[in-house]
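**Q** Here is my input; please provide its structure:
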Amino acid sequence: MSRIGRMPVEIPAGVEVKIDGNNVTVKGPKGTLTKSFPAEISIKQENGVINVTRPNDEKKNRALHGLTRALLQNMVVGVTAGYEKKLEFVGVGYRAAKSGKTLTLSLGYSHPVIMEDPEGITTEVPDQTHVIVRGIDKELVGQHAANIRIKRAPEPYHGKGVKYENEVIRRKVGKTGK
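**A** Numbers count the residues shown, from 1 in each chain. This next block holds a predicted model:
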């Protein structure tokens, strides 16, 4: 039995969960999230918790069991606390600026890289070398942060580029002279 799938998802005060077959809507103080889940997995709400069960031990159902429970947990956490990813710009002249919903990145190219905030995601620039991506959907926050990072991924020789705040860049040894 899945250890993660067996654990109940606690519903905190102020969060409303509606289960309509395999569609789940979670409404909280930060917003509303809706997601469709596979029909094989049954989701039940009782006594302030959500329980996820599977019909049998087929490989597909075992895989979906823990996944469904984890996605439900992420939805509940998202509408109560939200998610954030912090990015750091390392390198001479690498910086970010924000105006409205537009994020302008200077990453050493001959042109600035301009990115728009997707629906439900906000970016914040506390200083020129840091960007914070916030939102209620964990998947969208991670994807937008990854899209920013991939514009100039950190390189292993000097460590320059856009990296996550707690990311450790494995450094390589450069050329050596005689």
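
**Q** Would you state the helices of the chain in chain order?
**A** 3-6, 59-80, 138-150 (DSSP state H).

**Q** Of these, give the one that comes closest to residue 21.
**A** For those, the distance to residue 21 is smallest for helix 59-80, at 13.4 Å, taking CB to CB. Yep, even glycine has a C-beta here, placed from its N, CA and C like the rest.

**Q** angle of the closest one against helix 138-150?
**A** Computed by axes from the mean of the first three to the mean of the last three CA atoms, to 10 degrees, the angle separating helix 59-80 from helix 138-150 equals 80 degrees.

**Q** Give me the buried positions along helix 59-80.
**A** Across helix 59-80, burial judged by 16 or more other CB atoms under 10 Å covers 61, 64-80.

**Q** cool, and stretch 157-173?
**A** Going by 16+ other CB under 10 Å, stretch 157-173 has these buried residues: 160, 161, 162, 163, 169.

**Q** Identify the farthest-apart pair in these.
**A** Between any two of the buried residues of stretch 157-173, the greatest separation by CB to CB is 11.0 Å, found for 162 and 169.

**Q** Identify the contacts common to these two.
**A** Common contacts of residue 162 and residue 169 (CB atoms under 8 Å, 6 or more residues apart in numbering): residue 154.

**Q** other SSEs contacting the helix or strand bottoming out on mean pLDDT in the chain?
**A** Comparing helices and strands within the chain by mean pLDDT, DSSP states H and E singles out helix 3-6 as the least confident, with a mean of 88. Applying 3 or more CB pairs under 8 Å, 6 or more residues apart in numbering; DSSP states H and E, one finds that helix 3-6 makes contact with helix 59-80.
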